[in-house]
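K.L.:
please work out how this folds:
(2 chains)
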Number of protein chains: 2
Amino acid sequence: MGPAAGDPGLYEVIHRRRDVRAEFNGGPVDPAVLTRLLDAAHSAPSVGLSQPWDFVLVTDDDTRRRFWEHVQGERAVFADALKGEAAERFAGIKIDGILEASLSLVVTYDPGRGAPNVLGRHAIADAGLYSVCLAIENLWLACTAEGWGMGWVSFYREEFLRALVGVPESLRPVAWLCLGPVDALQETPDLERHGWRRRTPLAGALHLDRWERAGAEVEAVLAAPAPFGGAVAPAAAP
Amino acid sequence: MGPAAGDPGLYEVIHRRRDVRAEFNGGPVDPAVLTRLLDAAHSAPSVGLSQPWDFVLVTDDDTRRRFWEHVQGERAVFADALKGEAAERFAGIKIDGILEASLSLVVTYDPGRGAPNVLGRHAIADAGLYSVCLAIENLWLACTAEGWGMGWVSFYREEFLRALVGVPESLRPVAWLCLGPVDALQETPDLERHGWRRRTPLAGALHLDRWERAGAEVEAVLAAPAPFGGAVAPAAAP
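P.N.:
Residues are numbered from 1 along each chain as shown, chains lettered A, B, ... in the order given. This is a model prediction of the structure:
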């Protein structure tokens, strides 16, 4: 399958990507574009090459309406926990584009794929769940590259979603994603525009060799022109 | 910070990316490249804009050697569970490039970032953990775009890793990643080349509206030239 015309640059796409709620135009979707997106997701890395994801394309209006109603209930649950200024800010924030997006996708995790001996999962049980998220990020970036938007809706209970689309008990629903063509993407994330939370500088998330070595010490290494690191030297003879 | 020269296309990078073990050349790394990679990770989507990830750059030889020894022990644990042909195949598979890679990164999840009211996490406790994985995939793709490789090592116990780099009790270690320049990437995933497991066709992971509607029915929709989907129609008046 051929790439999208132009195949925009990775970094450009990473920085243009947004979590979309209000910008879907709701137009019909080209099956060839959707196939490229799903293929990008399916090409993600996975623990033990287990590819433990499934994708349920949700186009049925009644299913999407019922999910939207459930999400409004969970919105109210969250709103009840907020006070004062936070409550006021949240009131102005749109949390989903379920009704406006051209389609939705339910993404699931199947722990049985490649089991029992999934290479790389015996010590980290969640490694399979992590793989599903890597596929979701591929999908998100591919949407952005195609002039589509994507929004991850997480105001729902897993058991409701499981029943809604019939996910078997042995699997876990991981995400409800809204996607489809958009007229444009916002330059600033919605939550920042609405004063909910601001993005933080990268430097605050960096550490060097030990957790407690953070801040200026790491920044100095990254700001210096000198190359550093390299393969581990052989241990000295005893 | 400027993009990499050329900024290779998203789809090209997605399909070229590999989980690297043997191809690291171990050369010193350019701090400007590493900064672009970390910035790409830090630009990932996150639940409630919480950006709940931290990155510990591990360059210390002794730390990397100790982690490598721990991983060899976990390799033996996994090997003990295998029988016959699987055991033979696993014996030939390299599971990490810890000693050969130019550096390693420990990625952690901080549930306290933006707490207590993380927008979008009250019903799905793992949503923050999912965000960390989205950042890891951005990093993986950026490595690929820069001519670096990345390998996710998951043969370890979280408590060992926590102690090794001093991750506080309130956070969770999510990944040990090996990264650095490579001479080339394999065309075929290691596990497929070694006969451990083959990639499966996308069609087997697709469903339409309900889990039980799978296979030919979904393939027909995606193979047809006709556009489909669209915004949800307003509910009919009662």
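
K.L.:
secondary structure element for the closest residue to A:Pro31 other than its chain neighbours?
P.N.:
The shortest distance from A:Pro31 to any non-neighbouring residue, by Cβ to Cβ, 6 or more residues apart in numbering or on different chains, is to B:Leu222 (4.8 Å). For glycine as for every other residue, the C-beta is placed from the backbone atoms N, C-alpha and C. Per DSSP states H and E: B:Leu222 is located in helix B:216-223.

K.L.:
and A:Leu191, by the same measure?
P.N.:
Assigned by DSSP H and E, A:Leu191 falls in helix A:190-193.

K.L.:
I'd like the distance from that helix to the chain centre, please.
P.N.:
17 Å (Cα atoms, centre = their mean, to the nearest Å).

K.L.:
cool, and stretch A:165-174?
P.N.:
Centre-to-centre, stretch A:165-174 and its host chain are 18 Å apart (Cα atoms, centre = their mean).

K.L.:
tell me where chain A has strands.
P.N.:
Taking DSSP state E as the test, the strands found in chain A are A:53-58, A:103-109, A:148-153, A:172-181, A:206-208, A:210-214.

K.L.:
does chain B have contacts with the helix holding A:Leu191?
P.N.:
Yes. Using Cβ under 8 Å from any Cβ of the partner chain, we find that helix A:190-193 touches chain B at A:191-192.

K.L.:
mind giving me the packing neighbours of that helix?
P.N.:
Applying 3 or more Cβ pairs under 8 Å, 6 or more residues apart in numbering or on different chains; DSSP states H and E, one finds that helix A:190-193 contacts no other helix or strand.

K.L.:
quick one: buried residues of that helix?
P.N.:
Judged by neighbour count using 16 or more other Cβ atoms under 10 Å in any protein chain shown, the buried positions of helix A:190-193 are A:190-191.

K.L.:
rewinding a little: B:Val182 is nearest to which of the strands of chain A?
P.N.:
strand A:206-208 (23.4 Å; Cβ to Cβ).

K.L.:
show me what A:Phe24 is bridged to.
P.N.:
A:Val182 (DSSP bridges).

K.L.:
just the angle for the helix holding B:Leu222 relative to strand A:53-58, thanks.
P.N.:
Calculated by axes from the mean of the first three to the mean of the last three Cα atoms, to 10 degrees, helix B:216-223 forms an angle of 70 degrees with strand A:53-58.

K.L.:
name the residues of helix B:216-223 that are buried.
P.N.:
Neighbour counts using 16+ other Cβ under 10 Å place B:218-219, B:221-222 of helix B:216-223 among the buried residues.

K.L.:
ok, these vs A:Ala41, which is closest?
P.N.:
Distances from A:Ala41 to the buried residues of helix B:216-223, taken by Cβ to Cβ, are shortest for B:Leu222, at 13.4 Å.

K.L.:
thought the closest one was touching A:Leu34?
P.N.:
Yes. Using Cβ atoms under 8 Å, B:Leu222 is in contact with A:Leu34, at 6.5 Å.

K.L.:
where do the contact lists of the two overlap?
P.N.:
Counting by Cβ atoms under 8 Å, 6 or more residues apart in numbering or on different chains, no residue touches both B:Leu222 and A:Leu34.

K.L.:
can you map out the helices along chain A?
P.N.:
Using DSSP state H, the helices assigned to chain A run over residues A:10-16, A:31-42, A:61-80, A:84-91, A:127-145, A:158-165, A:190-193, A:216-223.

K.L.:
pick the most buried one from these.
P.N.:
Of all these, helix A:127-145 has the most neighbours on average by mean count of other Cβ atoms under 10 Å in any protein chain shown, namely a mean of 26.

K.L.:
for that helix, packing partners?
P.N.:
helix A:10-16, helix A:31-42, strand A:53-58, strand A:103-109, strand A:148-153, strand A:172-181, helix B:10-16, helix B:127-145.

K.L.:
closest to A:Leu139 out of those?
P.N.:
Closest among the helices and strands packed on helix A:127-145, using Cβ to Cβ: helix A:31-42, at 4.0 Å.

K.L.:
related to what we said a few turns ago, got the helices and strands packed on helix A:127-145 as a markdown table, with mean pLDDT columns?
P.N.:
Shown next, in a markdown table, are these (pLDDT from 0 to 100):
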| stretch | mean pLDDT |
| --- | --- |
| helix A:10-16 | 98 |
| helix A:31-42 | 98 |
| strand A:53-58 | 98 |
| strand A:103-109 | 98 |
| strand A:148-153 | 98 |
| strand A:172-181 | 98 |
| helix B:10-16 | 98 |
| helix B:127-145 | 98 |
